[in-house]
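**Student:** Here's my sequence, what's the structure:
(chains A and B)
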Amino acid sequence: MPLKIKNCQLLILLVALWFLGHQKAFSQVEAVAGLNYSYAMNDGVLPNQKAIVTPTIGLLTSFQLKDSSIHHLKTGILFMVAGYNQDFDETTYSKRFKYLALPLLYKLQLSDAISVEAGAQFRMMVLREEEYKYNYRREDIAAVFGFNLFEGNMLSIYVNASYGILPMVSYQRIDEIGNFNGKIEDIHNTMVSLGIKFKLSGND
Amino acid sequence: MTKLIKISALFCIAILAGCQDSVFIPDPLDPRLVKYTEDGNNASAALINGDIWSTDDYYNYDYNFYESDIDVVSYDDADSLIITFYGLLDEREDLLLHFSLKDFGIDEARELVKLDEQKIQLDGAQNTAIMESLLFDETYAGGVGQIYFKSVKRADVSVSLFEEGSVIISGTFSFTIPGENIEVTYGRFDYEVSFVNNY
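**Tutor:** So this is what the prediction gives:
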């Protein structure tokens, strides 16, 4: 496990250094820090679920498409935590899924102050606890939709919603009697995120 | 019924017993319960009147005099079979769940595979569940419900804990004790049991 932590940190550091070293090639490079309102969307199979607030940090860069000032492609690397709590009596059971995510987004600049974006995040669960290896899918692909305020400025604000398309769990549906009724495959990571972006470099 | 169990313990032929550490993987839906598996994880769990009963840490429990998680006992010339799961209610009450099954013709461990995919209705008489509290020295018999042996298979020799061979029994159970306001739900078990008598 310590080796994996080092690997993840090394990967993030290398990507960050690569971004900084190639920043002139991009329209804009930004550092991201935000909070996610996270829960697992399901059809009632997770009893007593409570949403939690989790962090996201990372680096994003955007490219202009076809010399257009309004069409952009955005990518980068994010470290985020998803999950939820379940309360039974006086005990809280916490799930914290740590992901490295590669976003691939199309951004449309609506005005100087506002842009909207949509696309996908390709996520890989990292730093997994032993239980998670048995129970939860490691990969996820999330559909993302959001918007940005004042993105050309040094500090800007982002809001987005994401929905994990791949089911987190593939498990037997067992009723209280003990009968098996097919499989449960409809638990999905769901997050609403709010944060700030700090412009490291780029054209306005 | 307590006497019956004690007499049985004296005269029966204990054909096998398991006593090894369990792998307790929490259920992804209700983390109080153990996940349903078919790997021989030596774990079991259920809700008893909404409280959690499980084998989690039972083997390391200070008062586990039996040093066991499960007993499977055949007696009366394979006429009767008693399967016992050892666990703790609310992490403190030493509580055993017995399942008494009749006329399955199982005389030795390897014959447990006869139970594969058998969904057995517990009628409180021929086949029944019994709950035994060691802490309070109380026994509740005549359990009515169901035990489902969803998978009973020979363990792969390469991964078996026992050189002599073993069987992995996995399934679910639920029952009520009529007149006692006891309801056991969401029961599941997954054990590897040896072919040899460990006692």
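
**Student:** Pass me the low-pLDDT residue ranges in the chain, would you?
**Tutor:** If you meant another chain, say so; for now it's chain A. By pLDDT under 70, the low-scoring segments of chain A are A:1-13, A:15-26, A:67, A:203-204.

**Student:** my bad, chain B
**Tutor:** Within chain B, the segments meeting pLDDT under 70 span B:1-21, B:56-69, B:76-78, B:157-164, B:195-199.

**Student:** Grab the longest strand from it for me.
**Tutor:** strand B:138-154 (DSSP state E).

**Student:** who in chain B is up against chain A?
**Tutor:** By the rule Cβ under 8 Å from any Cβ of the partner chain, the part of chain B lying against chain A is B:25-26, B:28-32, B:35-36, B:47, B:145-148, B:150, B:171-174, B:185-188. Bear in mind the C-beta positions are built from the backbone N, C-alpha and C, glycine included.

**Student:** ok, whatever residue of chain A ends up closest to chain B - contacts?
**Tutor:** Closest to chain B within chain A is A:Gly178: 3.0 Å, counting by Cβ to the nearest Cβ. By Cβ atoms under 8 Å, 6 or more residues apart in numbering or on different chains, the contact set of A:Gly178 is B:146-148, B:171-174, B:186-188.

**Student:** ok, 6 Å please
**Tutor:** B:146, B:148, B:172-174 (Cβ atoms under 6 Å, 6 or more residues apart in numbering or on different chains).

**Student:** near chain B at all, the strand or helix carrying A:Met191?
**Tutor:** Taking DSSP states H and E as the definition, A:Met191 sits inside strand A:188-202. No - applying Cβ under 6 Å from any Cβ of the partner chain, one finds strand A:188-202 out of contact with chain B, separated by at least 13.4 Å.

**Student:** Which residues in that strand does the neighbour count mark as buried?
**Tutor:** If you call a residue buried by 16 or more other Cβ atoms under 10 Å in any protein chain shown, then strand A:188-202 has these buried ones: A:188-191, A:193, A:195, A:197, A:199-200, A:202.

**Student:** can you pull up the bridge partners for the spatially most central residue of chain B?
**Tutor:** In chain B, the residue lying closest to the centroid (Cα atoms, centre = their mean) is B:Phe85, at 3.2 Å. Beta-bridge partners of B:Phe85, counted by DSSP bridges, are B:Ile70, B:Leu97.

**Student:** so it sits right up against B:Ala46, yeah?
**Tutor:** No - applying Cβ atoms under 6 Å, one finds B:Phe85 not in contact with B:Ala46, separated by 8.7 Å.

**Student:** Show the residue spans covered by the helices in chain A.
**Tutor:** If DSSP state H is used as the criterion, the helices of chain A fall at A:2-21, A:130-135.

**Student:** Also chain B?
**Tutor:** Under DSSP H, chain B gives helices at B:2-11.

**Student:** Now do the contacts for the residue nearest to the centre of chain B.
**Tutor:** B:44, B:70, B:97.
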